[in-house]
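> coords please:
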Amino acid sequence: MSLNLKVLREAAGLSQSELGSRILLSQAQISRYESEPGSATIDIVIAWCGACGSSLEAASRMITPVNHRGIDVGQPYNELHRKLSLLEQYIDAGPKISNSLPPISITPEEFRLKVRQWKRKPTVLIAGRFDSGKTRIANALLGSNYLPSQYTPTTSVVTFIRHECERPAWQREEVWIMGKEFDPSTWNDEKACQQHRLIAGSFDTLRKFGTKESEGEAIGAKSALVYMDAPLLHACTLVDVPGYSDDYEEERMANASATSTDVLIYTAPAKGFLDAPDFLHLGLLLRALPAVHARSSKGVEKFSNLFLVATHAEPSISDKDLERILASGTKRLYRHLKDSVLKTRQISEEELRARFRTFWYENQQRRVALEESVQYTLSKVMPVSIENHVDTELKEIKSQAKGRFAAQIAAYEQTLSKLAATRERIATLRQQEPQHRKRVREKKKEVSAAIESLRVESVAFIRVQIAQMVTASSIEEFIRKQFPKKDEAKRDAIAKLLEDAQSRVDDFLKAQAEELKPIMEGFFKEYDVTIEGFKSPEYGDSASIPFDAQGAFVGGLAGLGTLGILGIWASTMGNLGGYILIAKLASVLSAVGLGVGSTSLVTFVAAIGGPVTLAIGLASLITLGLWALLGESWQGRLAKKIAKILADKEFLAKVEEGVNSLWEQTWRAFEAGADEVAKKFGQYLLTNEQLLSDEEEGSKEKIEATIKALEELKDFFAGIPWRSPS
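This next block holds a predicted model:
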């Protein structure tokens, strides 16, 4: 889109010559800009508006849409969703679970929830700082002018955009504006949406309540659910977030969206492309971005779900200058992330350069590469990746369910031949339950002591290792090693220093999670030991009736808004392919006060790219000001300036506070999981007591019915109809 410059001039009552004299342009130049408004730079547009007595905001309402239909990716999920719908029909005809059945690892209804999760389209997140043209890219991809987009930053809510066909029947309007407590994952839940809806209406509602300094800010608008008929939306949900800024709440909303991102489009203006705050936010976003690989003629294309876009690539910037801007941005970003995210993903500088694009709405040449790449990723890369992911998880569910149900069936079959012994065994288990609970409490104390010990170690690591990193002498050494040029150091050194600090704490806490793992496993084994402890000659060699302590534990975590370090550990548990979703911990420094919603499984996102950045102040990252320390090298003066900024903003204290919070919430998460294990174990004892409470014939009938139900479940999961992708 572009401003209607001619209408603006005529509304001011100015001739082309009169306007030209005011802004020092010839009449011929004025005429050319009116016929080709897309060729006018932003500086010219601002001067034009001022000469016509108009503000940029008012002028931007006179928008002439560019003839652009958006990108068409087809409907790449039709076949996958057809197969998943057949699975839902299979579940409908499957066995029903009786309340008298012993606790089991997974039920058909839990499997149904997993199938519904598999139907989720990938999320495309458009993120970046304010004034970087995020919404204009969204409109270009959608082929619409519905989302509020002007030359000045406008978006103030997180906007979730889905295809019209996904709109629930009870949501009659195209736009619902939601309050701050709304959890976007409940977008299809009528009760939750109605509870948090502030106002609903047409796309004009989005302009009126979803922009800066609008009525939406007054009523607490934080997100918007939007539906439209755009070809792109057959292949994704598009999320447009407010730009990164010094506003904590807007920063929190933007960062929270990163935890469910599948494809990232990150925007930064071509002039001043990628500054220090951009680097810090990218560190956060790339940690959360899942690894996706696409086959190409050159082999494996890494990070094919990432697009780093130089926006406002206006005609005044030559093609040669644009190439220089992208090359410089690649070099600087690679230097920033090569020892952390890019090292983990094994991304070379050349591979990173392949992810850069340009964008200028009015010029097809400067947006076609982005649009074609996004189209390819959404139509070819993501569908294959998602179907392979579904195939892997489904096979694991089938395999593990079959094994666990078979073990339960074998145990109950042996019970039939040894009813008296098993009845006595269960009775003894009940009698020994107080001793069992005592041993469990001891194991919980061991976990508590381990968590406290690891917390102390974490704090010591920050106070010694990270503190050493931010002394003036260490910073000076760091600058000399990383930044041979003064201007680059002044611009990027503080961001690189914080990224490296974050990476070191990441690695340290991941190692601590490994230390916690065997202690946690000892807690679970206590339940196995209790059950297996009653194998003796008097009971024979009958198999113990299995109890899935780990599955119960993960189930207890599922309803939490916090996971702490258990987010790393629990993701390694083989609980039927992780059918209860455990999101990865995006970062450890994320603990510095940034929650991502009361029902999210990820409590934290990287605080160095969020609140710590805010605590330091974005302006401090953009420029370090003038140095007055004469008689020293520029590296020494810069190092002292950075050290002072970090000290003044209490950087170390904030990181320490965050890590303390991380371990506190880890303990709370463990307690919740442990309580669920105890609850399920009580159900396990009660169910088996009830099975054996009658005389021999009655018990046999109930056990035979239980075996039959378990066999039906085993056959149900083993027989899930599914053909792997070719």
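> ok, A493 to E349 distance?
For A493, the distance to E349 equals 19 Å [Cβ to Cβ, to the nearest Å]. Yep, even glycine has a C-beta here, placed from its N, CA and C like the rest.
> So between the two, which is more surrounded?
With neighbours defined as other Cβ atoms under 10 Å, A493 and E349 compare such that A493 has more, 22 against 13.
> Surely that one and I642 touch.
Yes: between A493 and I642 there is a contact under Cβ atoms under 8 Å: 6.5 Å.
> Overlap of the contact sets of the two?
Taking Cβ atoms under 8 Å, 6 or more residues apart in numbering as the criterion, A493 and I642 both touch I475.
> which residues in the stretch 101-250 of the chain form strands?
Using DSSP state E, counting those that start in this stretch, the strands of the stretch 101-250 of the chain run over 123-128, 158-163, 175-178, 197-201, 223-228, 237-240.
> who wins for proximity to D321 among these?
strand 123-128 (20.4 Å; Cβ to Cβ).
> Which elements pack onto the closest one?
Applying 3 or more Cβ pairs under 8 Å, 6 or more residues apart in numbering; DSSP states H and E, one finds that strand 123-128 contacts helix 134-142, strand 237-240, strand 263-269, helix 276-288.
> Export those to a markdown table and append columns for distance to T415 and mean neighbour count.
As requested, these are exported to a markdown table (distance: least, Cβ to Cβ, whole Å; neighbours: other Cβ atoms under 10 Å):
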| stretch | distance to T415 | mean neighbour count |
| --- | --- | --- |
| helix 134-142 | 61 | 25 |
| strand 237-240 | 50 | 25 |
| strand 263-269 | 52 | 24 |
| helix 276-288 | 48 | 25 |
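> Any chance of these in a markdown table with distance to M228 as columns?
A markdown table is the format used below for the helices and strands packed on strand 123-128 (distance: least, Cβ to Cβ, whole Å):
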| stretch | distance to M228 |
| --- | --- |
| helix 134-142 | 7 |
| strand 237-240 | 10 |
| strand 263-269 | 18 |
| helix 276-288 | 25 |
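> so how many other residues sit close to A511?
Using other Cβ under 10 Å, the number of residues around A511 comes to 11.
> Number the residues from 34 up from this point.
Shifting the count to begin at 34 puts that one at A544.
> Just the element for it, please.
Element membership for A544, per DSSP states H and E: helix 519-565.
> which regions of the stretch 534-683 of the chain sit below the pLDDT cut-off?
For the stretch 534-683 of the chain, applying pLDDT under 70 flags the ranges 566-577, 590-664.
> pLDDT-wise, which helix or strand of the protein ranks last?
Ranking every helix and strand in the chain by mean pLDDT, DSSP states H and E puts helix 644-649 at the bottom, with a mean of 42.
> which stretches of the stretch 34-183 of the chain aren't confidently modelled?
Counting by pLDDT under 70, the ranges of the stretch 34-183 of the chain that qualify are 34-36, 44, 71, 90-101, 181-183.
> Apply 80 and report the result again.
34-37, 39-41, 43-46, 65, 67-75, 87-102, 132-133, 163-164, 178-183 (pLDDT under 80).
> could you pull out the helices for it?
Secondary structure of the stretch 34-183 of the chain (DSSP state H, counting those that start in this stretch): helices at 38-44, 49-56, 60-68, 75-84, 89-92, 111-125, 141-151, 167-175.
> Now render those as TSV, adding distance to F236.
Shown next, in TSV, are those (distance: least, Cβ to Cβ, whole Å):
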stretch	distance to F236
helix 38-44	22
helix 49-56	33
helix 60-68	28
helix 75-84	24
helix 89-92	18
helix 111-125	27
helix 141-151	29
helix 167-175	11
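> nearest to Q228, of the ones you listed?
Among these, helix 141-151 comes nearest to Q228, with 21.2 Å by Cβ to Cβ.
> May I see the buried residues of that closest one?
P141, E143, F144, R145, K147, V148, W151 (16 or more other Cβ atoms under 10 Å).
> now stretch 371-381
Per 16+ other Cβ under 10 Å, stretch 371-381 contains these buried residues: K371, S373, V374, L375, R378, I380.
> picking that back up, and among the strands of the stretch 134-283 of the chain, the most buried is which?
Of all the strands of the stretch 134-283 of the chain, strand 208-211 carries the top mean neighbour count, a mean of 26, counting by mean count of other Cβ atoms under 10 Å.
> what pairs with that one, and is each one parallel or antiparallel?
strand 230-234 (antiparallel), strand 256-261 (antiparallel) (DSSP bridges).
> can I get those in JSON lines with distance to M502 and mean pLDDT?
What follows is those, written out as JSON lines (distance: least, Cβ to Cβ, whole Å; pLDDT from 0 to 100):
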{"stretch": "strand 230-234", "distance to M502": "45", "mean pLDDT": "91"}
{"stretch": "strand 256-261", "distance to M502": "37", "mean pLDDT": "92"}
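> Next, count neighbours for S536.
A count of nearby residues for S536, using other Cβ under 10 Å, gives 22.
> wait, doesn't it sit right on L375?
No: if you go by Cβ under 8 Å, S536 and L375 don't touch, sitting 10.6 Å apart.
> Make sure H469 is actually in contact with T563.
Yes: under the contact definition of Cβ under 8 Å, H469 touches T563, with a separation of 4.8 Å.
> Need the overlap of contacts for the two.
Common contacts of H469 and T563 (Cβ under 8 Å, 6+ apart): L462.
> about what we covered before: out of the strands paired with strand 208-211, the one nearest G103 is which?
Set against G103 and scored by Cβ to Cβ, the strands paired with strand 208-211 come closest in strand 256-261, at 10.3 Å.
> Give me the angle between that closest one and helix 167-175.
Relative orientation of strand 256-261 and helix 167-175, computed by axes from the mean of the first three to the mean of the last three Cα atoms, to 10 degrees: 20 degrees.
> Just the residues contacting strand 256-261, thanks.
Residues from elsewhere that reach strand 256-261, judged by Cβ under 8 Å, 6+ apart: 175, 177, 179-180, 190-197, 199-200, 204, 207-211, 215, 217, 220, 226, 236, 239, 242-243, 286.
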